[in-house]
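J.: This is the structure alone, sequence omitted:
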């Protein structure tokens, strides 16, 4: 059985993803955008990070296509930019849910998890599940086998 010990890690999607997203403030900016925060001042208020750090993270996320900007203007003020998740940014939802669920299980305080996710339509609790292409539930790492075959673009 291939345990993944001999896999070439020089071309690793996890590593490349972490190069882009693997810093605390970056993921917190994405979290706040997911919660509906869109304005620089709102991000700064909710996150409490330095203005220059926030500006850098927002600029990088826009440059990488995770966020997009849209102009807005409040009466009597100059035009500013609001930050919105792109489809690429919205695809990070399962990553955020996985981090939240892990934190709920292992790091929640004595009062339990601070936030839960409910399905808007039915009110059911939302949980993250891994499934294979044949719709089998993947229950743990023992159910996975690293595969080295490249995905083919030919149909």
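T.: Perfect, I can see it now. Because the structure is a prediction, the values reported are computed rather than measured.
J.: What residues sit buried inside stretch 96-113?
T.: Residues of stretch 96-113 classed as buried: 96, 100 (neighbour count, 16 or more other C-beta atoms under 10 Å). For every residue, glycine as well, the C-beta is placed using N, CA and C.
J.: ah, wrong one, I meant stretch 89-97
T.: The neighbour-count check on stretch 89-97 (16+ other C-beta under 10 Å) flags 89, 92, 96 as buried.
J.: Pretty sure the first one sits against residue 58.
T.: Same thing as residue 89. No. At 11.8 Å, residue 89 does not count as touching residue 58 under the criterion of C-beta atoms under 8 Å.
J.: In contact with the spatially most central residue of the chain: list those residues for me.
T.: Geometric centre of the chain, nearest residue: residue 92, 3.4 Å, by C-alpha atoms, centre = their mean. Contact analysis of residue 92 by C-beta atoms under 8 Å, 6 or more residues apart in numbering lists 21, 30, 34, 66.
J.: Relative to residue 20, how far out is it?
T.: According to C-beta to C-beta, to the nearest Å, residue 92 and residue 20 sit 10 Å apart.
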